[in-house]
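>>> Build the 3D model from these lines:
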Amino acid sequence: MSRFELRVPELGLGDTPITVGAWLVRSGERVAAGDSVVELVAGDAVVDLPAPIDGMLLRKYAAEDEQVIVGRRLAVFAAESDSAEST
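As a prediction, the model looks like this:
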């Protein structure tokens, strides 16, 4: 099964703490590449992270309002072809 990890990117805001604002999809929900899946908040900036692939959100690794650091795993996705095979 092909999986892809979504990690906290470098936002270019220096040492500003990064917080998970809101999850926009639920575990088990299908997404298209580019769909917004989670909001990250750093200072006054809110950044939507897109789904990296067409597929399904398998698992979240951070809760809303949780502080995270650059590089931390946020979620794991299964590729669309893999998630279709498992149904």
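
>>> Check the gap between residue 61 and residue 68 for me.
For residue 61, the distance to residue 68 (C-beta to C-beta, to the nearest Å) stands at 9 Å. Glycine gets a C-beta too; all of them are placed from N, C-alpha and C.

>>> more crowded one of those two?
residue 68 (18 against 15; other C-beta atoms under 10 Å).

>>> give the contact list for the more buried one.
Each residue near residue 68 by C-beta atoms under 8 Å, 6 or more residues apart in numbering is listed here: 8, 18, 19, 20, 40, 62, 74.

>>> One more pass at 6 Å, please.
Neighbour list for residue 68: 8, 18, 62 [criterion: C-beta atoms under 6 Å, 6 or more residues apart in numbering].

>>> residue contacts, the second one?
Residues in contact with residue 18 (C-beta under 6 Å, 6+ apart) are 40, 42, 68.

>>> Just the ones of these in strands?
The strands, defined by DSSP state E, take in 40, 42, 68 from the contacts of residue 18.

>>> Nearest to residue 25 among the contacts of residue 68?
residue 62 (13.7 Å; C-beta to C-beta).

>>> Let me see the contact set for the closest one.
20, 68, 74.

>>> Would you mind measuring from it to residue 17?
From residue 62 to residue 17 the distance is 13 Å (C-beta to C-beta).

>>> okay, now the nearest residue to residue 75 once chain neighbours are set aside: neighbour count?
Nearest residue to residue 75, sequence neighbours excluded (C-beta to C-beta, 6 or more residues apart in numbering): residue 6, at 4.5 Å. If you count neighbours by other C-beta under 10 Å, residue 6 ends up with 20.

>>> for the host helix or strand of residue 6, packing partners?
Per DSSP states H and E, residue 6 falls inside strand 3-7. If you count contacts as 3 or more C-beta pairs under 6 Å, 6 or more residues apart in numbering; DSSP states H and E, strand 3-7 packs onto strand 73-79.

>>> hmm, back to that, nearest to residue 50, out of the contacts of residue 18: which one, please.
residue 40 (11.8 Å).

>>> In contact with the closest one, which residues?
18, 47.

>>> Could you do residue 46 as well?
Per C-beta under 6 Å, 6+ apart, neighbours of residue 46: residue 39.
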